[in-house]
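Q: pasting the sequence and the predicted model now:
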Amino acid sequence: MTGVQLSWLRIKAVARRHYYVLLRAPHRLFDVTIWPLVDVLLFGSIAAFVHPGHAAAGRLAAGYLLSGILLWHVVYQSQIALATGFLEEAWTRNLLNLMVTPLREMEYVGGVVLFGMVKLFLGLAVVSLTALGFFAFNVTDLGIGLIPVAAVPLENGWVIALFVIALVLRFGTGAEALAWGILFVVLPLSGVFYPVAALPWLLRPVAEALPTTHAFVAGRALFDGRGMLWGELGVALVSCVLLGVVVVFFLTRMLQAFRTRGYISRYT
């Protein structure tokens, strides 16, 4: 057997090894499935919204983008702070230490959320100052109504984080990709930077079912000067609470399975 043939056999062996890894960790398919889909939906919908035939949309696009970035960071920072706070315990193999202390689950979540709020305010300060300094976009122009509007994305971020934690408890740290994956699937579907009408018609019912969609509609209304859309905000809040109840129930079941089935020894 020649040296070239040996090299080719080794190349195939390496490729086969990564194929087996992919079978055991299907979330790795995100790179070739979910991310391209998100890119096309996000930027395709922005392009549809600012189409030359929509003159009014073109004038509003910059404001929608900047206000959307501000509110999206509320979702992003709140979710990532809570989810990665728990993942840090798994990465450092500290879960077992936590489970033998008197620390209660809600006390642990409270501590992570408290630290996450500090990170959230720091992140929003950077976003607000950057938008003001580089694009003359003053966040305070949106008025006091921004506070209740931002409260819904904050709660949504926590709900997504609890769902990710539940999946990690059940499937181990291999599910950690969902901490980012779920967020960036929700991003284009929520109409963060454009109205839902800019999405493909097949996805509009899915977008309408998300609490974040209605929160961003209320946020754009503030930018447009239409005032607070309490109806949209109410729909967002109610759907967020219902979703939160389902996720907390799921998390409770996964935590119970984590303890009774001894997943702590498998994942740490």
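A: It's in.
Q: so where is the protein shaky, pLDDT-wise?
A: 1, 21-22, 24-32, 35, 43, 47, 51-59, 262-268 (pLDDT under 70).
Q: show me what contacts Leu132?
A: Residues counted as contacts of Leu132 (Cβ atoms under 8 Å, 6 or more residues apart in numbering) are 138-139. Using the backbone N, CA and C atoms, a C-beta is placed for each residue, glycine as well.
Q: if we go to 10 Å?
A: Leu132 makes contacts with 66, 138-140, as judged by Cβ atoms under 10 Å, 6 or more residues apart in numbering.
Q: just after the lengthiest helix in the chain, pick out the following helix or strand.
A: Secondary structure assigned by DSSP state H gives helix 55-91 as the longest helix of the chain. Next in sequence after helix 55-91, counting helices and strands by DSSP states H and E, comes helix 95-99.
Q: name the residues of that following helix that are buried.
A: In terms of neighbour count (16 or more other Cβ atoms under 10 Å), helix 95-99 has its buried residues at Leu95.
Q: next: stretch 122-135.
A: Under 16+ other Cβ under 10 Å, the buried positions of stretch 122-135 are 123-124, 127-128, 131.
Q: so how far is it off the chain centroid?
A: With Cα atoms, centre = their mean, to the nearest Å as the basis, the distance from the averaged C-alpha position of stretch 122-135 to the chain average is 20 Å.
Q: quick one: contacts for Phe135?
A: Neighbour list for Phe135: 62-63, 65-66 [criterion: Cβ under 10 Å, 6+ apart].
Q: what's the distance between it and Ile69?
A: As defined by Cβ to Cβ, to the nearest Å, Phe135 lies at a distance of 10 Å from Ile69.
Q: following the helix or strand harbouring Val149, which helix or strand comes up?
A: Element membership for Val149, per DSSP H and E: helix 146-171. Moving toward the C-terminus from helix 146-171, the next helix or strand (DSSP H and E) is helix 178-189.
Q: quick one: distance of that following helix to the chain centre.
A: On Cα atoms, centre = their mean, the centre of helix 178-189 falls 5 Å from the chain's centre.
Q: now do the helix or strand that that helix is followed by: which elements does it pack against?
A: From helix 178-189 onward toward the C-terminus, using DSSP H and E, the following helix or strand is helix 204-209. For helix 204-209, the packing partners by 3 or more Cβ pairs under 10 Å, 6 or more residues apart in numbering; DSSP states H and E come out as helix 178-189, helix 211-224, helix 230-260.
Q: just to revisit the earlier point, got the angle for the helix holding Val149 vs helix 211-224?
A: 160 degrees (axes from the mean of the first three to the mean of the last three Cα atoms, to 10 degrees).
Q: mind listing what's buried in helix 146-171?
A: Burial within helix 146-171, assessed by neighbour count using 16+ other Cβ under 10 Å, is assigned to 146, 149-171.
Q: how about the helix or strand Leu37 falls within as CSV, C-alpha atoms only?
A: Assigned by DSSP H and E, Leu37 belongs to helix 34-49. Extracted C-alpha coordinates of helix 34-49, given in CSV (Å, rounded to 0.1, in the frame of the first residue of the first chain):
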residue,chain,number,x,y,z
ILE,A,34,-30.5,26.1,11.9
TRP,A,35,-27.9,28.9,11.4
PRO,A,36,-28.3,29.2,7.6
LEU,A,37,-32.1,29.1,8.1
VAL,A,38,-31.9,31.9,10.7
ASP,A,39,-29.7,34.0,8.5
VAL,A,40,-32.0,33.8,5.5
LEU,A,41,-35.2,34.5,7.6
LEU,A,42,-33.6,37.4,9.5
PHE,A,43,-31.9,39.2,6.7
GLY,A,44,-34.5,38.2,4.1
SER,A,45,-37.3,39.7,6.2
ILE,A,46,-35.3,42.9,6.7
ALA,A,47,-34.9,43.1,3.0
ALA,A,48,-38.6,42.5,2.4
PHE,A,49,-39.5,45.2,4.9
